[in-house]
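Novice: Just to be clear, the model below is a prediction. Sequence and coordinates:
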Amino acid sequence: MDSLSNPPLALASNPVDRAGSDAAPQRRPGIGGTPLADGSVSHESAEAGMLRCTMNALTPKLKLGLDDLLADLWYARRSGDLGRLALVSYYEVRRWAKMAGDPTLVEHSSVLLMGHPHPDRDSFLADADRLIGELETLREEVTAAAPLAH
């Protein structure tokens, strides 16, 4: 079969389909949270809901990840390594907060680097200290609620 004679529909540059109809292309059933014809929900949307439900409770792996994050942040802060502090604060804290289902923490870690330019080193360190304090508070709450079993 010659690929030039029958190009895939995804490459069409206008809403007119290959049969010549003027109707706009239809979305595939079940994609993007659309219910399927039999009443079930697509795998894609069901998976997103399942992740949201299961990640709100901190698993032992997430608790250990929080401890690792705090250790990295404390070390970078103590050694005065601003680059490492920025990297861990933005990338690692955001990744962990997304997995834990904490949008507020995601926002706070994003604002540290992307929210506004810091006029000096001390203002960046003050914001980083606030983020570290927020993580420490979260760790204390988690530990008080359910200590890690060894």
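Specialist: Nice, thanks for sending it over. None of the values given here were measured: they were computed from a predicted structure.
Novice: from here on, contacts and neighbour counts on C-alpha atoms
Specialist: OK.
Novice: Please parse the protein into its domains.
Specialist: Per automatic domain parsing, the structural domains of the chain span 27-56, 60-145.
Novice: weakest of those domains by average pLDDT?
Specialist: Among the domains of the chain, domain 27-56 carries the lowest mean pLDDT, a mean of 42.
Novice: what ranges do the helices span in this structure?
Specialist: Along the chain, the segments classed as helices by DSSP state H run 43-54, 60-79, 82-87, 93-100, 103-114, 121-145.
Novice: In TSV, list the domains of the chain along with mean neighbour count.
Specialist: Putting these into TSV (neighbours: other C-alpha atoms under 10 Å) gives the following:
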stretch	mean neighbour count
domain 27-56	13
domain 60-145	16
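Novice: I figured Lys98 was touching His108, is that so?
Specialist: No: using C-alpha atoms under 8 Å, Lys98 is not in contact with His108; the gap is 12.0 Å.
Novice: mind checking how far Pro117 is from Ser123?
Specialist: Separation of Pro117 from Ser123 (C-alpha to C-alpha, to the nearest Å): 10 Å.
Novice: Please apply the same query to Lys98.
Specialist: Taking C-alpha to C-alpha, one finds Lys98 at 26 Å from Ser123.
Novice: Lovely, talk soon.
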